[in-house]
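S.K.: Dropping a prediction and its sequence here:
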Amino acid sequence: MTTIKGEPQVKQEPIDTAYLDNVLEQNMQDPENLIMILQDISAKYNYLPREALNYVVERLNVPMSLIYSAATFYKAFSLTPRGKYIINVCLGTACHVRGAGKIKESLEERLNIHEGETTEDLKFTLETVRCLGCCALGPVITVNEKAYGGLDRGKALKVIEQYEREA
């Protein structure tokens with residue numbers, strides 16, 4: 001689960017109940033579609049806000065334990081705010097032997113966070129994965145699912161600098 005460095009300062013945006021009503025309507029207010037509902041909520045907020053989950057519990061008439069079991073089982077979901085840009089560093093064997101660990105350390109130093117944390121400004125979240133499925137390109141990172149391969153520390157930092165300029 002992702003944590004936020006300096007979490008007490010994070011200000012949460014209000015929940016858009018019209019959006020949630022639309023998501024529930026598109027999914028026929030069917031608890032069988034819970035994963036799709038959570039995906040839509042996560043796509044909007046970049047995590048699963050507690051207030052949104054409470055709203056879903058009320059509208060679907062399902063226990064919070066069901067929602068939490070799904071939300072905590074899948075790595076794609078987070079119960080705490082994540083950055084606008086989610087960086088995944090592949091630490092699979094092919095990437096690891098080519099220096100992915102050093103790349104992760106460089107990103108942690110540059111962003112002043114550790115694996116599983118989010119920057120205070122909510123721009124970046126740093127996570128690791130065991131394999132991204134593009135071993136020939138290793139070491140590889142993804143930023144919001146866009147893959148960058150053949151990296152070393154300097155190239156990885158340049159990728160992040162691009163996103164810092166955009167943010």
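M.R.: Sure thing, it's come through.
S.K.: Strands of the protein, residue ranges please.
M.R.: 3-4, 85-90, 117-118, 124-129, 141-143, 146-148 (DSSP state E).
S.K.: tell me what the third one is packed against?
M.R.: The reference is to strand 117-118. Strand 117-118 is packed against strand 3-4, strand 124-129, with contacts defined by 3 or more Cβ pairs under 8 Å, 6 or more residues apart in numbering; DSSP states H and E. Heads up, the C-betas are built off the backbone N, CA and C, glycines and all.
S.K.: hang on, the earlier thing: between the strands of the chain, which gets the lowest average pLDDT?
M.R.: When those are compared on mean pLDDT, strand 3-4 scores lowest, with a mean of 46.
S.K.: re the thing from before, out of the helices and strands packed on strand 117-118, which is the most enclosed?
M.R.: Of all those, strand 124-129 has the most neighbours on average by mean count of other Cβ atoms under 10 Å, namely a mean of 21.
S.K.: Please work out which residues outside it touch it.
M.R.: Contact partners of strand 124-129, identified using Cβ atoms under 8 Å, 6 or more residues apart in numbering, comprise 2, 82-92, 104, 107-108, 111, 113-119, 160, 163.
S.K.: Now which of the residues you listed would you call buried?
M.R.: 2, 82-92, 104, 107, 111, 113, 115, 117-119, 160, 163 (16 or more other Cβ atoms under 10 Å).
S.K.: Point out where the chain drops to low pLDDT.
M.R.: Residues of the chain meeting the criterion pLDDT under 70: 1-13.
S.K.: can we see that at 50?
M.R.: 1-4, 6-10 (pLDDT under 50).
S.K.: so what are the domain limits for it?
M.R.: 3-73, 85-166 (automatic domain parsing).
S.K.: How many residues are close by Gln98?
M.R.: Not Gln; residue 98 is Arg. Neighbours of Arg98 under the rule other Cβ atoms under 10 Å: 19.
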